[in-house]
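Participant: quick one: sequence and predicted model below, then my questions.
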Amino acid sequence: MQPEKNKEQKKMTDQLTPETYDLYAPPVYGKILSIVHKGPIANKILEKVFINTYKNKSSLSYPLQGPLVSLLNQAREESYKTIKALTIFRECCSGATISIQEKK
């Protein structure tokens, strides 16, 4: 059982190369841009998604998802979190009242 685990970890480190960025950055950036609609913000989100992926090599290890699907899911989540944070910030700066409700 141990050799299989080593093979799986080797496979993950093989996927995390600069070529991975060149291959997956355009579709991931397109997904981010379709949600955010602002180039500079989309660039920062793309950078954050790939940095988190390189730091957490396990983030691409979902057995039923390929690396592209994992990256797209991460990009979508980060984009929506950023939009929500910017909306809250904008509302607070404009003097409007806004309440944040936690999910239960």
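Facilitator: Received, thanks.
Participant: packing partners of the longest helix anywhere in the chain?
Facilitator: Using DSSP state H, we find that the single longest helix of the chain is helix 67-93. When contacts are defined as 3 or more Cβ pairs under 8 Å, 6 or more residues apart in numbering; DSSP states H and E, helix 67-93 sits against helix 18-36, helix 39-55. Bear in mind the C-beta positions are built from the backbone N, C-alpha and C, glycine included.
Participant: switch to 10 Å and redo it
Facilitator: helix 2-15, helix 18-36, helix 39-55 (3 or more Cβ pairs under 10 Å, 6 or more residues apart in numbering; DSSP states H and E).
Participant: so for Tyr80, which of these sits nearest?
Facilitator: With respect to Tyr80, and counting by Cβ to Cβ, the nearest of these is helix 18-36 at 6.7 Å.
Participant: give the buried residues for the closest one.
Facilitator: Neighbour-count burial for helix 18-36, counted by 16 or more other Cβ atoms under 10 Å, picks out Thr20, Tyr24, Val28, Tyr29, Lys31, Ile32, Leu33, Ile35, Val36.
Participant: next one: stretch 79-98
Facilitator: Here stretch 79-98 shows Ser79, Thr82, Ile83 as buried, counting by 16+ other Cβ under 10 Å.
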